[in-house]
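Enquirer: What follows is a protein structure lacking sequence information:
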Ligand code: ADP
């Protein structure tokens with residue numbers, strides 16, 4: 001298995017943020033402006049055209065481009081706002097297993113009928129101090145990536161484990177405090193990532209997805225949430241075989257605050 005521990009990219013990432021925003025928005029705005037100009041030219045050439053003419057068809061097509069660009073711009077803004085949210089707004093003591101169970105149905109729908117969802121939750125896992133919505137976001141972002149990596153179907157396995165971290169070698173990038181961590185592991189049987197993608201996967205705005213489908217903020221958001229809570233993200237990927245993303249969150253000694261949602265089972269189930 002080819003493994004690569006992702007180095008800290010947070011500072012670099014934040015630095016790239018402003019440039020990335022300007023770049024993507026300028027491209028989208030250029031599309032909006034150019035096509036608006038084409039429409040205006042068409043209309044002013046000889047008045048508003050009659051329906052059914054070539055010119056009318058062209059105007060309709062131009063307007064569709066404008067709409068598309070606006071939709072993409074909106075999607076980017078929403079992702080950006082989530083990504084830029086720096087404060088763990090609503091931190092509680094929670095059981096990650098409860099969050100997974102509560103989200104299972106939504107994840108299944110997100111993955112679609114060609115992808116099997118397997119869930120393997122550790123019993124008696126310690127709690128973590130985190131924002132419930134942000135843990136959900138980690139799961140959704142990783143599930144969407146797994147789905148996109150498996151166009152012909154496959155399996156996504158969500159696992160939770162208790163991990164004892166003994167400390168990092170001196171000078172290690174992205175060093176973690178020694179101690180107990182809760183691991184959320186999302187593994188897929190998809191196409192995997194070549195080295196040059198793996199190296200850049202956590203960077204904001206880095207995407208290999210077709211225009212309009214990827215914003216490149218999914219993993220950057222996961223990374224931001226994990227590092228702000230004192231954890232980290234590691235990605236193992238084998239091209240042609242699959243990807244495993246491990247999110248470590250510091251374990252807490254507190255008892256979980258009950259969360260609304262389905263009654264937890266005694267031990268996690270599969271499927
Ligand atoms: P986006 O999903 O918008 O592209 P991400 O930050 O979530 O942004 O992912 C960045 C890139 O990393 C993706 O475009 C893809 O190339 C790669 N990637 C992420 N997750 C996976 C995965 N599970 N399998 C294969 N490649 C992945």
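Expert: Received the coordinates, thanks. Values in this document were obtained by computation on a predicted structure and should not be read as measured data.
Enquirer: Lowest-scoring secondary structure element of the protein by mean pLDDT?
Expert: When each helix and strand of the chain is scored by mean pLDDT, DSSP states H and E, strand 3-4 comes last, with a mean of 36.
Enquirer: Around the ligand, pick out the residues from the stretch 51-200 of the chain.
Expert: Neighbours of the ligand within the stretch 51-200 of the chain, by C-beta under 6 Å from any ligand atom: 141, 145, 146, 149, 188, 190, 191, 192, 193, 197. Glycine gets a C-beta too; all of them are placed from N, C-alpha and C.
Enquirer: can you pick the most crowded of these?
Expert: Using other C-beta atoms under 10 Å as the neighbour test, these are led by residue 146, with 28 neighbours.
Enquirer: if I pick that residue, what's in contact with it?
Expert: By C-beta atoms under 8 Å, 6 or more residues apart in numbering, residue 146 lies in contact with 111, 115, 156, 186, 187, 188, 190, 243.
Enquirer: what about residue 141, distance to residue 26?
Expert: Residue 141 sits 26 Å away from residue 26, going by C-beta to C-beta, to the nearest Å.
Enquirer: again with residue 115
Expert: Taken as C-beta to C-beta, the span from residue 115 to residue 26 is 36 Å.
Enquirer: Please apply the same query to residue 41.
Expert: Counting by C-beta to C-beta, the gap from residue 41 to residue 26 is 22 Å.
Enquirer: and the residue in the chain positioned nearest to the ligand, how many neighbours?
Expert: Nearest to the ligand, among the residues of the chain, is residue 218, at 2.4 Å (C-beta to the nearest ligand atom). Using other C-beta under 10 Å, residue 218 has 25 neighbouring residues.
Enquirer: Ok, residue 61 next?
Expert: Applying other C-beta under 10 Å, I find that residue 61 has 12 neighbouring residues.
Enquirer: Helix or strand: which one has it?
Expert: Here residue 61 sits within helix 54-84, counting by DSSP states H and E.
Enquirer: Does that helix pack against any helices or strands, and if so which?
Expert: helix 10-46, helix 218-228 (3 or more C-beta pairs under 8 Å, 6 or more residues apart in numbering; DSSP states H and E).
Enquirer: By mean pLDDT, show me the worst of those helices.
Expert: Ranked by mean pLDDT, the helices and strands packed on helix 54-84 bottom out at helix 10-46, with a mean of 68.
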